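A.B. asks: Take a look and give me a structure for this.
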Amino acid sequence: MHITFTPSAAAKLEPIMQDGTKHLKLLYDTEGCGCVVSGVPALQVIEAPLADDKLGEGTPYSVWYEPRYEVFFEPKLKVDFNEDRNAFSLKSDSQIYTANMRLIKSY
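C.D. replies: Predicted structure coming up:
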């Protein structure tokens, strides 16, 4: 998996990521969705990955993810940030996964 962050998304994350002690994780949140196919992507700021997490490539940030949810995403993704809506989005060349992706700070 490779995730590219647009300049606006990278700028929004830079204050959080600048000290080098935090990592990003792409979550596939299924809580309250009823079934695993109805999950919602979210971006989580973590201090350390879990034992089963896998590191995906990223520009300018690498992103951890749970391999069991990799099937729900395309190999190349893009994270953008819309200043007017104050919201992140996750998309690929063929679809928009979410135009309102949550940023979860778990530190």
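A.B. asks: Asp29 and Pro41, how far apart?
C.D. replies: 7 Å (C-beta to C-beta, to the nearest Å). From N, CA and C alone the C-beta is placed, and that goes for glycine too.
A.B. asks: So which of the two has more stuff around it?
C.D. replies: The residue with more neighbours, out of Asp29 and Pro41, is Pro41; 21 against 14, by other C-beta atoms under 10 Å.
A.B. asks: which residues does the more buried one contact?
C.D. replies: 26-29, 73, 90, 97-98, 101 (C-beta atoms under 8 Å, 6 or more residues apart in numbering).
A.B. asks: and if you look at Val63?
C.D. replies: So Val63 contacts 1, 3, 24-26, 55-56 (C-beta under 8 Å, 6+ apart).
A.B. asks: give me that answer again for 7 Å
C.D. replies: Contacts here follow C-beta atoms under 7 Å, 6 or more residues apart in numbering; on that basis Val63 touches 3, 24-26, 56.
A.B. asks: Next: Pro15.
C.D. replies: Taking C-beta under 7 Å, 6+ apart, we find Pro15 in contact with no residue.
A.B. asks: and it, helix, strand or coil?
C.D. replies: Look at Pro15: counting by DSSP: H, G, I helix; E, B strand; the rest coil, its state is helix.
A.B. asks: measure it to Ser92 for me?
C.D. replies: 27 Å.
A.B. asks: just Val79 next, same as before
C.D. replies: In terms of C-beta to C-beta, Val79 sits 11 Å off from Ser92.
A.B. asks: Please identify which of those two sits among more neighbours.
C.D. replies: Taking neighbours as other C-beta under 10 Å, Val79 and Ser92 compare with Val79 leading, 27 against 14.
A.B. asks: surely that one meets Ala9?
C.D. replies: Yes: Val79 sits in contact with Ala9 when judged by C-beta atoms under 7 Å, with a separation of 4.7 Å.
A.B. asks: between the two, what contacts are shared?
C.D. replies: What both Val79 and Ala9 touch, as defined by C-beta under 7 Å, 6+ apart, is the set Phe88.
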